[in-house]
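Peer 1: Sequence first, predicted model second:
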Amino acid sequence: MPDPPPSIYLDEDVSVIVAAILQGRGFDSLTTRDVGQLGQPDSQQLTFAATNGRVLLTHNRVDFERLHREWLEAARSHAGIIVARRRSPAEVASRVGRILTRMTSDHLKDQLLYV
């Protein structure tokens, strides 16, 4: 039996519509609003995602590139970070969905990807 697709966590920079589209396509997706993390710093968002084994989706390239580098240097592990260019929610969901369909959680672990 194939592995289930990776779970995803959308920071508050990403439209909740993206989460709804992904959920409608069968992906396990949560938003900062879903889990009461609105307004928390980016470092806390990544910690939440990592603790819960979720790939983090953001539009915030600069901060998450820095956090990714800091985590690797500190030998900390996360489930992966996807940085999406600002596009329509449907386009972001489509691109992210392709990644989640094609890559396992093991493949995404500690990776920083761009869509």
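Peer 2: Happy to help now that I have it.
Peer 1: Tell me where this structure has helices.
Peer 2: 16-24, 42-51, 61-73, 89-102, 105-108 (DSSP state H).
Peer 1: For the longest one, name the packing helices and strands.
Peer 2: Going back to what we said before, that points to helix 89-102. helix 16-24, strand 54-58 (3 or more CB pairs under 8 Å, 6 or more residues apart in numbering; DSSP states H and E). C-beta: built from backbone N, CA, C; applies to glycine.
Peer 1: how about it: buried residues?
Peer 2: Buried residues in helix 89-102, counting neighbours by 16 or more other CB atoms under 10 Å, are found at Pro89, Val92, Ala93, Ser94, Arg95, Val96, Gly97, Ile99, Leu100.
Peer 1: now it: how far from the chain's centre is it?
Peer 2: 11 Å (CA atoms, centre = their mean, to the nearest Å).
Peer 1: got the angle between that helix and helix 16-24?
Peer 2: With axes from the mean of the first three to the mean of the last three CA atoms, to 10 degrees applied, the angle from helix 89-102 to helix 16-24 works out at 40 degrees.
Peer 1: next one: the third one
Peer 2: Here helix 61-73 points in a direction 60 degrees away from that of helix 16-24 (the same axes, to 10 degrees).
Peer 1: Can you lay out the helices of the chain as CSV showing mean pLDDT?
Peer 2: Formatted as CSV, these follow (pLDDT from 0 to 100):
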stretch, mean pLDDT
helix 16-24, 97
helix 42-51, 98
helix 61-73, 98
helix 89-102, 97
helix 105-108, 96
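Peer 1: Could you save the ones you listed as CSV and add columns showing distance to Ser7?
Peer 2: Formatted as CSV, these follow (distance: least, CB to CB, whole Å):
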stretch, distance to Ser7
helix 16-24, 10
helix 42-51, 9
helix 61-73, 18
helix 89-102, 9
helix 105-108, 8
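Peer 1: what's the closest of those helices to Ile82?
Peer 2: helix 89-102 (6.1 Å; CB to CB).
Peer 1: And the buried residues of helix 89-102, which is closest to Ser15?
Peer 2: Pro89 (4.7 Å).
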